[in-house]
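Trainee: coordinates for the following, if possible.
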Amino acid sequence: MTKKRSIKYFIIPLFFLSFNYATCKYSFKDTAPIPIEVKTFRVNYLENKAAYINPQLSPQLTEKLKQKIINITRLRQTNSQDADYDISGYVSQYNTSTISISGLNANGNRLTVSFHLIFKNNLDEKKNFEADISRSFDFDSNLSLSQAEAKLNDEIVKNIVDEVFNKIFSNW
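Mentor: Below you'll find the predicted structure:
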């Protein structure tokens, strides 16, 4: 066997082995590490203070947020005022607008839902904050508001709850 040929038999397997074991790791963290001393949370009733009140929205937002925190974090829910994390807020805006017109008629509408979040960290007051969240949901102009609400309700609740959760627990 020639010297070139033996090098070829050595280099090619080495090349494939190196790629086989070479890895590239990357990840995204959805939640920031919750400090070990934080054990409990309380979600106060999330009120609806908008001019138009969808009577289903507040109780659904409150319950879905509680469930998300229970399911994703290690925190225990409490109704005590001395909870480590105290979460409250309210729906501040709930209105519709026309987004597209065809001829003389409205062709599409948009429902805008805004939420004002109040977060209190009773173990570290420097981490207290308030934030406004706003999401828009488009619907066909042939639908009445109540029909659009029925169709969009699950999406509205999911989006607002996800956004509130991310504001509190996000590492971004």
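
Trainee: so what's the spatially most central residue of the chain scoring on pLDDT?
Mentor: For the chain, the residue sitting closest to the mean C-alpha position, by CA atoms, centre = their mean, is Asp162 at 2.1 Å. You'll see Asp162 listed with a pLDDT of 97.

Trainee: can you pull the contacts of it?
Mentor: Lys68 (CB atoms under 8 Å, 6 or more residues apart in numbering). In short, each C-beta sits where N, CA and C put it, glycine included.

Trainee: which parts of the longest helix along the chain are buried?
Mentor: For the chain, the longest helix by residue count, based on DSSP state H, is helix 145-169. When burial is assessed from 16 or more other CB atoms under 10 Å, helix 145-169 yields the following buried residues: 148-149, 152, 156-157, 159-161, 163-165, 167-169.

Trainee: got it, and stretch 114-125?
Mentor: Ser114, Phe115, His116, Leu117, Phe119, Lys120, Asn121, Asn122.

Trainee: and the contacts of that stretch?
Mentor: 35, 37-38, 46, 50, 61, 82-94, 127-135, 160, 163-164, 167-168.

Trainee: what do you get if the cut-off is 7 Å, keeping everything else the same?
Mentor: 37-38, 82-93, 127-134, 160, 164, 167-168 (CB atoms under 7 Å, 6 or more residues apart in numbering).

Trainee: quick one: strands adjacent to whatever helix or strand Ile133 lives in?
Mentor: Taking DSSP states H and E as the criterion, Ile133 maps to strand 129-140. According to DSSP bridges, strand 129-140 forms sheet pairs with strand 105-121 (antiparallel).

Trainee: please pick the buried ones from the contacts of stretch 114-125.
Mentor: By neighbour count, with 16+ other CB under 10 Å, the contacts of stretch 114-125 hold 38, 83-92, 133, 160, 164, 167-168 as buried.

Trainee: and the helix or strand hosting Gln67, what does it pack against?
Mentor: Following DSSP H and E, the helix or strand that holds Gln67 is helix 57-72. Counting contacts by 3 or more CB pairs under 7 Å, 6 or more residues apart in numbering; DSSP states H and E, helix 57-72 packs against strand 40-43, strand 47-48, helix 145-169.
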